[in-house]
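Q: Fold the stuff below for me.
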Amino acid sequence: MSKKVIVIGAGPGGYPAALRLKELGAEVSIVEAWDFGGTCLNRGCIPSKAFLDTGHRVHAFEGLKKLLKEDSGVNFSADMLDWGKVKARRAEVITKLRTSLEKLFQAKKIEVLRGRAVFSAHHEVTITGPQGEIKRTFDAAILAAGTRPSFPPPFRDFKDSLSDSDRVFDLPAKPRSVIIVGAGVIGLEFACFFNSIGVEVTVLELLPDLLAGEDPQVTRAVRSSFEKRGIKFHFGKKTNAVEFSGGLKAVKLDDGTRLEAEEILVGAGRAADLAGMGLEAIGLPWDRKGVKVNEYMQTAIPEVYAVGDVNGISLLAHSASRQGEIAAENIMGGKHTFDETIVPKCVYTWPEVGSVGLNKAQAEAKGLAVKTARSFYLGIGKAVATDETEGFVQLVFNAADETVLGAQIVGGPATELIHVLALAVKLRLKRSDLKGIIYAHPTMAEAIHETLYK
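A: This next block holds a predicted model:
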C-alpha cells in the first residue's frame, strides 16, 4: 500500500527525498515557504561559488600579467569590476538552476505546496500560503527546513544593520573594507572573494585557529596563503562591543583593539529554522541545533524524520541530500544508515581544501596507531606547468595494515580529487590498492600517487 508523505523544505535535503519517495511509489507532497533549492541554491553554495568564480578570474588574471608585453596597454584591476554585473551573474545562475529543478518536479508530477507548514496534530500539517490555508494528513513526514544565519553576542543586537551569509549577496555596492566574523568555511570563502576583488579584509575568530577541527597542516597552509595576500586575522579574541560612527562600523575586542570597516559580515554559524512549526503540538523537542535523530534519521516521533542541517549531524548540502534519500528509503521499508566518515568536507577558497575520514589527531583520539604521508604540488609536473604549486596531499593510514583512514588535500582541484580518497575510506582500501591505480600524466591527481610512495 502506498504511503502519504509530506516533505517540509525543498532544499538539498528535501527535494532529493521527495524524488526518491516518488521513485519508490509514495504519494508525496513537498512544502516550501520560499524558493526551491533552499539556502544552498539561493543563498549559499551556488551564489557563493558564482562570486568566488568571479574572484578567481581576477586572481588568475593577476598571475597572467607577468606574461603580457610591457607595452600591451592592459591595465585591468579589480576596481574595474561592475558590482551590479557581478550580482546579476549570480542571479542568472540561481534562476537557471532553480527553474530546472522546478521543471523536474512538474515532470515527476510531485505536488508542490507553497507556504509555511505547521504541525497541527499528529499525522497532520496545516500549510498557509498563496493558496490560503489547507490541511494535509500523512503517514510520515520529513523535516528538511534548513537553517538561518546565527548572530552571537554582541552582534545579535545589531543584526538588522549587519550583513550575514544570506544578505551579503544583496549589498548595494562593493565595500572598500569588511570585517568578517568567523573563520570557518563561510567566513573564509567570503574573505577570499572580497580580498580578490580589492576589498580590505579582516577576519575575527574566537577560537585559536581557522577551520576548527581540521588538520594543523591544513590550517597552517591556508592561513599562510591568506596572510600573504593581505588578509588580517585576529584569533582567540572576544568582541565586546559593536559601534557605528561616520559611516563606518566598528568592533572593540577584549584586548582593547578597535577595528573598523565599511561592512561587517557575520559568518559565525547557523541555527535550525524550526520556530513556529508546531513541533510542540506533537511533543517533538528541539533547540537551536535542531532535533535529534537516530541512525535511520527518525526523530523521537517515529513517523517524523529530520534530515540536513536541522538534525545537526553534518551541516553540508551533500550530507543533507544523502540523508534525505536515506529517510525516504527507510519510510518505504528500508533500514539504511548515514555514514559520516565518508562525507567530503570542502572549502572553495584558493587554495581549495578537501578532507575526508580521519586526520591524524582524530585517529589517535580513537586509540588507533597511525602513520601519515604527504607530498607537495611543487614536485608535480602539471602543477608546475599551470603555476598551481601551492598545497599538498596528505594520507592517514592505519599503522597496522596501511588501510586508508582519511585524507587532507590543500590546493589544486582539492574539492574534486577528494572523492577518490573518499572511495578509499569507504571501501577500506589499503596503500597497496591505491598504488595499483594508473594515474594519468600529467595530472594533479599524480600528487596522490606520489604520496603513496612517501
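Q: so where's this protein shaky on pLDDT?
A: Low-confidence segments of the chain, defined by pLDDT under 70, span residues 1.
Q: which residues touch the residue most central in space within it?
A: Nearest residue to the geometric centre of the chain (C-alpha atoms, centre = their mean): residue 316, 5.0 Å. Contact criterion C-beta atoms under 8 Å, 6 or more residues apart in numbering gives 343, 345 as the residues in contact with residue 316. Glycine gets a C-beta too; all of them are placed from N, C-alpha and C.
Q: swap the cut-off to 10 Å and go again
A: Listed by C-beta atoms under 10 Å, 6 or more residues apart in numbering, the contact set of residue 316 reads 12, 40, 45, 185, 308-309, 322, 340, 343-346.
Q: Mark which of those are buried, thanks.
A: For these, a neighbour count by 16 or more other C-beta atoms under 10 Å gives the buried set as 12, 40, 45, 185, 308-309, 322, 343-346.
Q: Can I get the contacts of residue 316 in CSV including secondary structure and distance to residue 77?
A: Conversion of the contacts of residue 316 to CSV gives the following (DSSP: H, G, I helix; E, B strand; the rest coil; distance: C-beta to C-beta, whole Å):
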residue, secondary structure, distance to residue 77
12, coil, 37
40, helix, 32
45, helix, 29
185, helix, 28
308, helix, 41
309, helix, 38
322, helix, 43
340, helix, 44
343, coil, 39
344, coil, 35
345, strand, 34
346, strand, 30
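Q: In the buried ones among the contacts of residue 316, find the pair that's most separated.
A: Farthest pair in the buried ones among the contacts of residue 316 (C-beta to C-beta) is 185 and 322. Separation: 18.5 Å.
Q: Tell me which stretches of the stretch 151-300 of the chain form helices.
A: Assigned helices in the stretch 151-300 of the chain, in chain order: 185-196, 216-228 (criterion: DSSP state H, counting those that start in this stretch).
Q: what's the offset of the first one from the middle of its chain?
A: Okay, so that is helix 185-196. Between the centre of helix 185-196 and the centre of its host chain there is 13 Å, according to C-alpha atoms, centre = their mean, to the nearest Å.
Q: Which other helices and strands does that helix contact?
A: Secondary-structure packing of helix 185-196 (3 or more C-beta pairs under 10 Å, 6 or more residues apart in numbering; DSSP states H and E): helix 45-64, strand 177-181, strand 200-205, helix 216-228, strand 263-266, strand 345-347.
Q: Using CSV, write out the CA atom coordinates for that helix.
A: Output in CSV follows, covering the C-alpha atoms of helix 185-196 (Å, rounded to 0.1, in the frame of the first residue of the first chain):
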residue,chain,number,x,y,z
VAL,A,185,34.1,27.7,5.8
ILE,A,186,31.6,30.6,5.3
GLY,A,187,33.9,33.3,6.7
LEU,A,188,37.0,32.1,4.7
GLU,A,189,35.2,31.8,1.4
PHE,A,190,33.9,35.4,1.7
ALA,A,191,37.3,36.6,2.9
CYS,A,192,38.9,35.0,-0.2
PHE,A,193,36.3,36.5,-2.5
PHE,A,194,36.4,40.1,-1.1
ASN,A,195,40.2,40.1,-0.9
SER,A,196,40.5,39.1,-4.6
